[in-house]
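K.L.:
with the sequence up front, the predicted model follows.
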Amino acid sequence: MQTVPPTGSSLRRTIEEIGRSGIDFVTDIGAMGMLTAQALRATLKPPYRFRVFLDAMDDVGFGSLFIVLLTGSFAGAVMAMQSIVAFRMFDSEHLVGSAVALTLTRELGPVFTALMVTGRNASAMATTLGTMRVTEQIDAMEVMAVDPVQYLIAPRIVATTLMMPLLTMLFNFVGMTAAWAVSVLWLGVDEGAFFGSIASDLEPSDLTNGVIKAAVFGLTVSAVGCFRGYTAKGGAKGVGEATTNAVVFGSVAIFVLNYFLTAAMFT
């Protein structure tokens, strides 16, 4: 007959598991921060592999261009449509331009762009580095006196940090273009009022703060993807878990950082 463990033992084990998970999480954050700092330092040391860096920029920038433009177009279109429906209740349709512009530049642009890059590039970084780790290619690089952090991680982190603001600005541009098309060409909002509200309400700081957010998000999601792949273990299963964790933790980190950055910039 199976013995049911006492309630105190079950509670203790539950508390121990929660504590162990918390310790592992804090440990991973610290290790990821140290790896990121090591990668950024490595960019200042020779040899300078510009071709590797340009390839990483092409993969992050041009490779993500289509999905970012597509997402930005429909995000701007639906924002304009919903804003007009709301503003018509108060006869304030002329404010739709500034409402969409502020929403895109402050929040939707950097956040949605970062989410798209996380899904496409951070997962690819984790998969590539994880496969190299479990197949001992990274160990072979170390044996040949090639710094894997400088060769594999530093170009990806720097390229993502630099390309994310550019992708965000393109997201904002196509989003506003789609919002103009829906508002002016389809739903009949006055074009002068549309652009006039943008000129009067949108400040340069809204654009620069959104770009700063994008750079922070780019640094974060690339660091998460590279760290998860670089520390992967356990064969093919470990690579799959690293990829999944990179997307999940990267996406959560975007929303968490967005709250604190917004609180610091706009309050």
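P.N.:
Nice, thanks for sending it over.

K.L.:
quick one, helices of the stretch 101-250 of the chain?
P.N.:
For the stretch 101-250 of the chain, helices defined by DSSP state H, counting those that start in this stretch occupy the ranges 109-117, 123-134, 137-143, 148, 154-180, 191-201, 204-230, 235-266.

K.L.:
wait, which of those is closest to residue 42?
P.N.:
Minimum separation from residue 42 across these (CB to CB) falls at helix 154-180, 4.6 Å. The C-beta positions use only the backbone N, C-alpha and C, and glycine is treated the same way.

K.L.:
got the angle for the closest one vs helix 191-201?
P.N.:
Relative orientation of helix 154-180 and helix 191-201, computed by axes from the mean of the first three to the mean of the last three CA atoms, to 10 degrees: 140 degrees.

K.L.:
got the buried residues for helix 154-180?
P.N.:
154-172, 174-176, 178-180 (16 or more other CB atoms under 10 Å).

K.L.:
what's the answer for stretch 37-45, then?
P.N.:
In stretch 37-45, counting by 16+ other CB under 10 Å, buried: 39, 40, 42.

K.L.:
any chance of the residues you listed in a markdown table, with pLDDT and secondary structure too?
P.N.:
Shown next, in a markdown table, are the buried residues of stretch 37-45 (pLDDT from 0 to 100; DSSP: H, G, I helix; E, B strand; the rest coil):
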| residue | pLDDT | secondary structure |
| --- | --- | --- |
| 39 | 93 | helix |
| 40 | 92 | helix |
| 42 | 91 | helix |
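
K.L.:
what's the closest of those residues to residue 239?
P.N.:
Nearest member of the buried residues of stretch 37-45 to residue 239, counting by CB to CB, is residue 39, at 20.5 Å.

K.L.:
distance of that closest one from residue 123?
P.N.:
Distance, residue 39 to residue 123, by CB to CB, to the nearest Å: 19 Å.

K.L.:
spatially nearest residue to residue 108 (excluding sequence neighbours)?
P.N.:
residue 75 (5.6 Å; CB to CB, 6 or more residues apart in numbering).

K.L.:
meant to ask about residue 132
P.N.:
residue 138 (5.1 Å).

K.L.:
what residues are up against that neighbour?
P.N.:
For residue 138, the contacting residues are 129, 132, 148, 152, 230, by CB atoms under 8 Å, 6 or more residues apart in numbering.

K.L.:
which of these has the largest number of neighbours?
P.N.:
Among the contacts of residue 138, the one with the most neighbours (other CB atoms under 10 Å) is residue 129, at 27 neighbours.

K.L.:
my guess is that residue contacts residue 229. True?
P.N.:
Yes. Between residue 129 and residue 229 there is a contact at 2.9 Å, judged by CB atoms under 8 Å.

K.L.:
follow-up on the earlier one: in TSV, list the buried residues of stretch 37-45 along with distance to residue 188.
P.N.:
Below are those laid out as TSV (distance: CB to CB, whole Å):
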residue	distance to residue 188
39	52
40	51
42	56
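
K.L.:
closest to residue 17 out of those residues?
P.N.:
Closest to residue 17, out of all of these and judged by CB to CB, is residue 39, at 32.4 Å.

K.L.:
from what I see, that closest one and residue 159 are in contact.
P.N.:
No. Judged on CB under 8 Å, residue 39 makes no contact with residue 159 at a distance of 11.4 Å.

K.L.:
joint contacts of those two?
P.N.:
Joint contacts of residue 39 and residue 159 (CB under 8 Å, 6+ apart) do not exist.

K.L.:
quick one: buried residues of the lowest-mean-pLDDT helix or strand in the chain?
P.N.:
For the chain, using mean pLDDT, DSSP states H and E, the weakest element among its helices and strands is helix 7-42, scoring a mean of 86. Neighbour-count burial for helix 7-42 flags 28, 32, 35, 36, 39, 40, 42 (criterion: 16+ other CB under 10 Å).

K.L.:
from residue 219, how far off is residue 45?
P.N.:
19 Å.

K.L.:
pLDDT score for residue 52?
P.N.:
Predicted confidence (pLDDT) for residue 52: 92.
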